[in-house]
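[1] what's the 3D shape of this:
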Amino acid sequence: MVPRSAATPALAILMRCNARNEHSSVKVVWAVGLSIVVAIGGTSVAFAQELEPRAYSASPVGATFLVVAASRSSGSVFTDPSIPLEDVHATLGAAAIGIGHTFNLFTRTALVTGAVPYGRGTATGRIEETTQKASRTGWVDARAKLSVNLLGGRALTPAEFAQAPRSTIVGVSFTVAMPTGQYYPDRLVNLGSNRWSYKPEAGISVPVGRWTFDGYVGLWLFGENNEFFPGTARRAQDPVTAVQGHVSYTLRPRFWLAFDATWYRGGTTTIDGIPKADLQRNSRLGVLVSVPLGHRQAVKASYSAGATTRFGGDFKTFGLAWQMTWIK
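    Model prediction:
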């Protein structure tokens, strides 16, 4: 965790400002800070950019999953067009450990998961002749999720599951992002969001031979941050609607390839009641491959990139995850 006594790039700019360039420097601080904010996993944009194929696939009850994952995102950031800011670029490396468990919830298959990420973000930006850089390393907001398969999701033991035919599944989920990430109220650039966020979602998974077609619709809802920079401002954010679609093909048992797409809209923010020109209306495309390692392990590799970006991060993201499964 960065010590409070360490001078941040953003604060250093403010301390160095003179009467002639203060206005421009503050804009650099704000916009460069925003570029890291949209890159970090604890923000609405990063949440909405998620691509998760087979999120509502069938599993037997009593299964426990351990996941260790790493990712790297980098790319340009589109900021408020009223700010004459150029060459804004952000890079985020993150690692996370997560655990999940399936259980019987009123005869339906349910899955509870939790994840704790740790990240390092760096961003640079230029306004006129001034170039600045900001970086952070620390914990990102943790998340927990409960999923329940309603239609076609009857709770089955491992023996029953092995004999059951594949069928269409309709499920719902609820995700909570907790304000556990690194956050300093007197700094604009933070890894944590200092607020609670929630996402109700509904999804459908339709198997057709070796193919699986998935579709989800969710809505991110955000609490207020009452300690926004410089520590006394109040930041609120409109909901973000997120839609995902996935087509996957099973090459052999547990070895499959998925093509992914997402579109999201919303997320306009207000600072002390003043709205910002930061409406999100973006889309992304991606691909993922899952390769089994023996009977209990698997490795997943993924890549995604922005298809259209109106505001926020236009990132290319590489991901790698290892999963271990135990079944009673």
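
[2] Only C-alpha atoms from now on, for both contacts and neighbour counts.
    OK.

[3] which residue ranges form the strands in the stretch 1-150 of the chain?
    63-78, 86-105, 108-127, 130-139, 143-151 (DSSP state E, counting those that start in this stretch).

[4] Now do Ile13, the pLDDT please.
    Ile13 is assigned 30 on the pLDDT scale.

[5] Now mean neighbour count too, for the strands of the stretch 1-150 of the chain, in CSV please.
    Rendered in CSV, the data for those read as follows (neighbours: other CA atoms under 10 Å):
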stretch, mean neighbour count
strand 63-78, 19
strand 86-105, 20
strand 108-127, 21
strand 130-139, 18
strand 143-151, 19
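
[6] how about Asp278, secondary structure?
    coil (DSSP: H, G, I helix; E, B strand; the rest coil).

[7] For it, give me phi and psi.
    With angles defined as degrees, to the nearest 10, Asp278 sits at phi -130, psi 40.

[8] That one: neighbour count?
    Residue neighbour count, defined by other CA atoms under 10 Å, stands at 18 for Asp278.

[9] Just want to check the distance between it and Ile271.
    Remark: distance between Asp278 and Ile271 (CA to CA, to the nearest Å) = 12 Å.

[10] possible to save the strands of the stretch 1-150 of the chain as JSON lines with distance to Phe213 and mean pLDDT?
    Output for the strands of the stretch 1-150 of the chain, formatted as JSON lines (distance: least, CA to CA, whole Å; pLDDT from 0 to 100):
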{"stretch": "strand 63-78", "distance to Phe213": "23", "mean pLDDT": "89"}
{"stretch": "strand 86-105", "distance to Phe213": "22", "mean pLDDT": "90"}
{"stretch": "strand 108-127", "distance to Phe213": "20", "mean pLDDT": "89"}
{"stretch": "strand 130-139", "distance to Phe213": "35", "mean pLDDT": "84"}
{"stretch": "strand 143-151", "distance to Phe213": "16", "mean pLDDT": "96"}
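
[11] and the residue lying closest to Val140 once chain neighbours are set aside, helix, strand or coil?
    Take Val140 and drop its neighbours on the chain: the residue closest to it by CA to CA, 6 or more residues apart in numbering is Gly181, 4.1 Å away. Three-state assignment for Gly181 (three-state DSSP): coil.

[12] Confirm that Phe161 sits in a helix.
    Yes - using three-state DSSP, the assignment for Phe161 is a helix.

[13] How many neighbouring residues does it have?
    16.

[14] I'd say it and Thr109 touch.
    No - the pair Phe161 / Thr109 is not scored as a contact, 11.2 Å apart, by CA atoms under 8 Å.

[15] partners of Val247 in the sheet?
    Beta-bridge partners recorded for Val247 (DSSP bridges): Phe213, Phe259.

[16] Tally up the residues packed near it, please.
    Neighbours of Val247 under the rule other CA under 10 Å: 20.

[17] quick one, what contacts it?
    The neighbours of Val247, taking CA atoms under 8 Å, 6 or more residues apart in numbering as the test, are Pro53, Trp211, Thr212, Phe213, Asp214, Ala258, Phe259, Asp260.
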